[in-house]
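>>> Just need the structure, nothing else, for what follows:
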Amino acid sequence: MQKPFWIILTVLAVYLPFASAQAPESSAIPPAHLTSEQDHQRMMDLLHITSLRRGADGDPKSPYAANYDESKANSNAPLPDPLLLNDGKKVTTAKIWWSKRRPEIIEYFDREIYGRVPTNVPKVNWEVVSTKREMSGDVPVITKKLAGHLDNSAYPLVSVNIDLTLTTPANASGPVPVVMQFSLSPEVMAALAKRFPQMFAPTPGPSWQQQVLDKGWGYAIYIPTSAQADNGEGLTDGVIGLVNKGQPRKLDDWGALRAWAWGASRALDYFETDKAVDAKHVAVAGHSRYGKAALVAMAYDQRFAIAYISSSGEAGAKLYRRNFGEQIGNIAGTGEYHWMAGNFLKYDGPLTEKDLPVDAHELIALCAPRPVFIGAGATNGDGWVDAKGMFLAAAGSSRVYTLLGAKELTSQFPPIETALIDGDIAFRQHSGGHTPAPNFPTFLTFAARYLKNPSLAPTATR
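From the prediction side, this is the model:
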């Protein structure tokens, strides 16, 4: 089983830019530019770990080949109970969930999985770089190019500017819902399309942007790597390096996934000031590693109305405790560890997946009662992300959705190409490979219940 798109994304470190660094005369200590291997080893030393277990291999001929045999997937592994307090008492009301259990789960994810966002992250000042009236297909639109400048006065050696583009229908009579997509930068897309043309061949039918405009909504494109680079070398640059003044992370500091999610929240801050946007009805969407980040954004920021989480896999919507496709050893390795808190590495060292205090079903539960659509491709082409493991995580979050007055997901894994969109947690596995495109129309059908008729959206009870 090959995983070409994941291999491509791993190669992105060659292309993805670090946040640009200024070099004025200053007494500030220059950033500590460690390689991924050096920083990874530093984390292992802090944890007193001498070795990690090897992750799954995408090569089926490898002795470490990823498992795609359902009988060996460990699907019945017991999961942490999202409705059981740390003191052993059951969560029986929405009030207890909001006031006690949800904060407990967030603390676990902060400390052990994604890392903590520091309290002193600089303010973001948004600038409208340009405004253009143009045509998107046959729809007249207004496109704003935006830059979110982080205040770097406390550490001028690192400069960070968040890249965001907003497109709304020019003829809209008022504020419109917006679908914000986590995306690669245009420069990276162009470089990859030149190197891997088969992966970027045009798909039949309208683009996702055209589909959104056809609903009368707007769309935004957010470049996560403008906030934080997608490699370990970049951890002393970007917003993480800016806050740490160029020095390496502590074990519970935030990783790139949390930083990318933080950047999405700052984009939402801007939307709240733009009269063209209905900021209470902003969807967040992402695919693959950006599906992970989009889910983290949805879980942590309750202002996002709905999410499309595509092929997010391990460290996203996939259960860690399931042995199928990508494994914890892949995420803890030098190529991906920077997504996570340093503490995460210990679960691939002396501890194992079963020692994790939380699992992906509880990350999805943090989104409740807001609607979430989870999608993936067929095992032959997208097995690495484990569609069934993501479905089981979604089903495992259902009790929290039910407690909060939302409609749960069925516990029966559906046939491929079957959409489960009647509840507030939705799922569909398409027959294609590692791509979000085939599920996008179904997501928009699901989203229309909430974005077109916001009065139908579930309301959080606290």
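>>> just how off-centre is the helix or strand containing V296 within its chain?
With secondary structure defined by DSSP states H and E, V296 is part of helix 289-300. When C-alpha coordinates are averaged (Cα atoms, centre = their mean, to the nearest Å), helix 289-300 and its chain have centres 3 Å apart.
>>> Against which helices or strands is it packed?
Using 3 or more Cβ pairs under 8 Å, 6 or more residues apart in numbering; DSSP states H and E as the contact criterion, the neighbours of helix 289-300 among helices and strands are strand 176-182, helix 256-271, strand 277-287, strand 306-310, helix 360-365. Just so you know, the C-beta spots here come from the backbone N, C-alpha and C atoms, and that holds for glycine as well.
>>> any chance of these in CSV, with mean neighbour count, distance to Q327 and mean pLDDT too?
Converted to CSV, the helices and strands packed on helix 289-300 look like this (neighbours: other Cβ atoms under 10 Å; distance: least, Cβ to Cβ, whole Å; pLDDT from 0 to 100):
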stretch, mean neighbour count, distance to Q327, mean pLDDT
strand 176-182, 25, 24, 98
helix 256-271, 25, 17, 98
strand 277-287, 24, 20, 98
strand 306-310, 29, 20, 98
helix 360-365, 28, 13, 98
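>>> rewinding a little: contact partners of the helix holding V296?
Residues from elsewhere that reach helix 289-300, judged by Cβ atoms under 8 Å, 6 or more residues apart in numbering: 9, 106, 109, 114, 182-183, 224, 230, 256-258, 260-261, 264-265, 284-286, 304, 307-313, 315-317, 339, 363-364, 366-367, 370, 372, 436.
>>> export it as PDB, just CAs?
The C-alpha coordinates for helix 289-300 follow below in PDB (Å, rounded to 0.1, in the frame of the first residue of the first chain):
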ATOM      1  CA  ARG A 289      -2.300  17.000   7.900                       C
ATOM      2  CA  TYR A 290      -4.400  20.100   7.500                       C
ATOM      3  CA  GLY A 291      -7.400  17.900   8.400                       C
ATOM      4  CA  LYS A 292      -5.700  17.200  11.700                       C
ATOM      5  CA  ALA A 293      -5.200  21.000  12.200                       C
ATOM      6  CA  ALA A 294      -8.700  21.800  11.200                       C
ATOM      7  CA  LEU A 295     -10.100  19.400  13.800                       C
ATOM      8  CA  VAL A 296      -7.900  20.800  16.400                       C
ATOM      9  CA  ALA A 297      -9.100  24.300  15.500                       C
ATOM     10  CA  MET A 298     -12.800  23.200  15.700                       C
ATOM     11  CA  ALA A 299     -12.200  21.400  19.000                       C
ATOM     12  CA  TYR A 300     -10.500  24.300  20.700                       C
END
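>>> ok, and the closest non-adjacent residue to A332?
Beyond its immediate neighbours in the sequence, the residue positioned closest to A332 (Cβ to Cβ, 6 or more residues apart in numbering) is D348, lying 3.8 Å away.
>>> Ok, N120 next?
V243 (6.4 Å).
>>> Touching, that neighbour and G115? I think so.
No - the pair V243 and G115 does not pass the contact test of Cβ atoms under 8 Å, sitting 11.6 Å apart.
>>> Which of these two has more residues huddled nearby?
G115 (27 against 24; other Cβ atoms under 10 Å).
>>> what's the more buried one in contact with, if anything?
Residues in contact with G115 (Cβ under 8 Å, 6+ apart) are R249, D252, D253, W254, G255, R258, M340, A341, G342, N343.
>>> Kindly report the same for S265.
Contact criterion Cβ under 8 Å, 6+ apart gives A297, Y300, D301, R303 as the residues in contact with S265.
>>> Local confidence estimate at the second one?
In this model, Y300 is scored at 98, pLDDT.
>>> That one: neighbouring residues, count only.
Counted by other Cβ under 10 Å, the residues lying close to Y300 total 21.
>>> and what of the first one?
Burial measure for A297: 30 neighbouring residues, criterion other Cβ under 10 Å.
>>> for A305, same thing?
In terms of burial, A305 registers 22 neighbours under the definition other Cβ under 10 Å.
>>> before we move on, what about N86?
Residue neighbour count, defined by other Cβ under 10 Å, stands at 12 for N86.
>>> can you pull the contacts of it?
N86 makes contact with E104 under the criterion Cβ under 8 Å, 6+ apart.
>>> what about it, which helix or strand?
If you go by DSSP H and E, N86 is not part of any helix or strand.
>>> so what's it scoring on pLDDT?
Residue-level pLDDT assigned to N86 equals 98.
>>> Quick check: it vs E107, distance?
For N86, the distance to E107 (Cβ to Cβ, to the nearest Å) stands at 9 Å.
>>> what are the ranges of the helices in the stretch 1-150 of the chain?
For the stretch 1-150 of the chain, the helices defined by DSSP state H, counting those that start in this stretch cover 4-11, 36-46, 94-96, 102-108.
>>> what sits up against the last one?
Judged by Cβ under 8 Å, 6+ apart, the contacts made with helix 102-108 from elsewhere in the structure are P82, L85, N86, Y300, P357, V358, E362, A365, L366.
>>> if you set the cut-off to 10 Å instead, what comes out?
Counting by Cβ atoms under 10 Å, 6 or more residues apart in numbering, the neighbours of helix 102-108 from elsewhere in the structure are 80, 82, 84-87, 91, 96-97, 114, 116, 299-300, 356-358, 362-363, 365-366, 368, 400, 462.
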